[in-house]
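> Model the structure of this input:
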Amino acid sequence: MGDTAENLKVTPLNALHKELGARMVPFAGYEMPVQYPTGILTEHKHTRAAAGLFDVSHMGQVRITGDDPAKALEALVPGDIQSLDVGKMRYTMFTNDQGGIRDDFMVNKRDRDLFVVFNAACKDDDIAHARANLKGCEIEYLEDRALLALQGPAAVAVLSRLNPVVQAMSFSMGATLALDRFEAFVTRSGYTGEDGFEISVPNAQAEDLARWLLSQPEVKPIGLGARDSLRLEAGLCLYGHDIDATTTPIEAGLNWTIPKRRREEGGFPGAAVIQEQLRNGVSRKLTGIRPEGRAPAREGTEVLNDKGEKIGTITSGGFGPSVDAPIAMGYVATEYAAPGTPLTLMVRGKALPAKTCKLPFITKRYAK
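All right, here's what the predicted structure looks like:
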């Protein structure tokens with residue numbers, strides 16, 4: 001957050017956020033809305049009940065072209081990109097030589113390219129990494145496009161007013177669509193645990209589309225604060241917090257992103273480390289944590305065992321509005337990771353009881 005107002009970038013919706021009364025904060029080099037006048041709690045609950053509109057234009061939209069970009073990308077990620085069908089998307093990550101995660105992202109396979117969305121804070125490094133290492137590929141950063149996320153159970157009803165085709169899309173599908181007069185690449189995806197869509201449109205159309213969506217009775221604007229509490233309830237990792245260059249996909253419980261072929265073949269950075277962890281296990285694991293009482297345990301909180309020894313650290317924590325209780329995620333020594341294990345959290349110098357639990361904290365409601 002060490003940015004000053006003078007050097008912050010803005011998204012195409014910056015003026016609209018201010019008009020709507022957003023409290024703007026520096027985030028990943030951008031001036032972004034953390035909340036609107038109704039507040040984080042109301043925004044969070046509205047997204048779960050109806051539909052919330054998020055500006056995620058700060059993220060890095062990238063097009064990868066070449067003779068065989070899916071095969072080329074597999075040299076940098078442990079996921080299976082080659083078997084991905086056209087019109088489908090998959091979650092994967094860049095790994096480093098130690099098996100750590102450089103960034104996590106979604107890959108969409110389209111007719112003539114791969115469409116990738118990188119995290120905002122990592123996008124410059126990711127693009128440089130891709131350009132240096134993806135043999136026979138062109139990497140095009142789509143700076144002229146905005147990205148909106150429409151999330152919640154009413155998202156499909158709202159978006160189908162612009163094009164009913166979206167009703168037929170299943171979760172993790174993508175398509176180039178006309179949304180009335182807006183030319184968009186739409187994926188049925190998101191990071192809230194709810195059904196929803198991410199909509200890539202030209203910068204010049206972003207504000208008009210956002211205003212139309214906000215004119216619908218089900219839709220309210222949602223800031224970064226509620227985006228964080230929504231994804232935490234859904235047990236979804238936030239890069240730079242729950243996963244980073246020092247955490248492996250296996251420690252983070254992301255084994256499901258590495259299919260059998262890639263486990264056997266390797267051929268991606270850190271493969272030997274990850275293969276060894278798959279065989280022999282890991283010394284720490286990311287787990288859900290439920291503090292008892294009402295006090296939330298924030299990122300950085302120490303986790304102790306019953307002898308008062310440090311066994312881990314909270315990586316994300318706060319109040320879960322839909323759960324109506326404090327919730328957290330963090331790494332603990334593997335022997336303490338089983339759901340229901342009693343823990344102690346050191347919150348502002350006080351020892352507070354907690355238990356490990358399964359993730360997510362809410363039931364995900366993705367469209368089948």
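
> low-scoring stretches of the stretch 1-150 of the chain, by residue?
1-6 (pLDDT under 70).

> Would you map the helices across it?
Assigned by DSSP state H, counting those that start in this stretch, the helices in the stretch 1-150 of the chain fall at 14-19, 40-49, 69-73, 123-133.

> And these: which comes nearest Lys358?
Among the helices of the stretch 1-150 of the chain, helix 40-49 comes nearest to Lys358, with 19.6 Å by Cβ to Cβ. (C-beta placed from N, C-alpha, C; glycine too.)

> quick revisit: with mean neighbour count and distance to Glu183 as new columns, can the helices of the stretch 1-150 of the chain be given to me in CSV?
Listed next are the helices of the stretch 1-150 of the chain as CSV, based on neighbours: other Cβ atoms under 10 Å; distance: least, Cβ to Cβ, whole Å:
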stretch, mean neighbour count, distance to Glu183
helix 14-19, 16, 20
helix 40-49, 20, 26
helix 69-73, 19, 23
helix 123-133, 16, 23
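
> Tell me which of those sits nearest to Gly235.
Each of these has some distance to Gly235 by Cβ to Cβ; the shortest is helix 40-49, at 14.8 Å.

> what comes into contact with the closest one?
Residues outside helix 40-49 that contact it (Cβ atoms under 8 Å, 6 or more residues apart in numbering) are 35-36, 38, 52, 151-153, 192, 194, 220-223, 225-226, 229-230, 321-322, 362.

> coming back round to it: save the helices of the stretch 1-150 of the chain as JSON lines, and put in distance to Tyr30 too.
Formatted as JSON lines, the helices of the stretch 1-150 of the chain follow (distance: least, Cβ to Cβ, whole Å):
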{"stretch": "helix 14-19", "distance to Tyr30": "9"}
{"stretch": "helix 40-49", "distance to Tyr30": "19"}
{"stretch": "helix 69-73", "distance to Tyr30": "26"}
{"stretch": "helix 123-133", "distance to Tyr30": "11"}
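
> closest to Gln216 out of those helices?
Evaluated over the helices of the stretch 1-150 of the chain, closeness to Gln216 peaks at helix 40-49, with 12.8 Å, by Cβ to Cβ.

> so what's Arg161 up against?
Gln216.

> Ok, Cys122 next?
Contacts of Cys122 by Cβ under 8 Å, 6+ apart are 60, 102-103, 239.

> at 6 Å instead, please
Asp103 (Cβ atoms under 6 Å, 6 or more residues apart in numbering).

> What of Met93?
101, 104.

> So for the residue in the chain sticking out farthest from the centre, what's the pLDDT?
Each residue of the chain has a distance to the centre, and by Cα atoms, centre = their mean the biggest one is for Lys307: 35.6 Å. In this prediction, Lys307 carries a pLDDT score of 94.

> That one and Val282: what is the separation?
Here Lys307 is placed at a distance of 22 Å from Val282 (Cβ to Cβ, to the nearest Å).

> ok, back up a step: from the contacts of helix 40-49, list the buried ones, please.
If you count burial by 16 or more other Cβ atoms under 10 Å, the buried members of these come out as 35-36, 38, 52, 151-153, 192, 194, 220-223, 225-226, 229-230, 321-322, 362.
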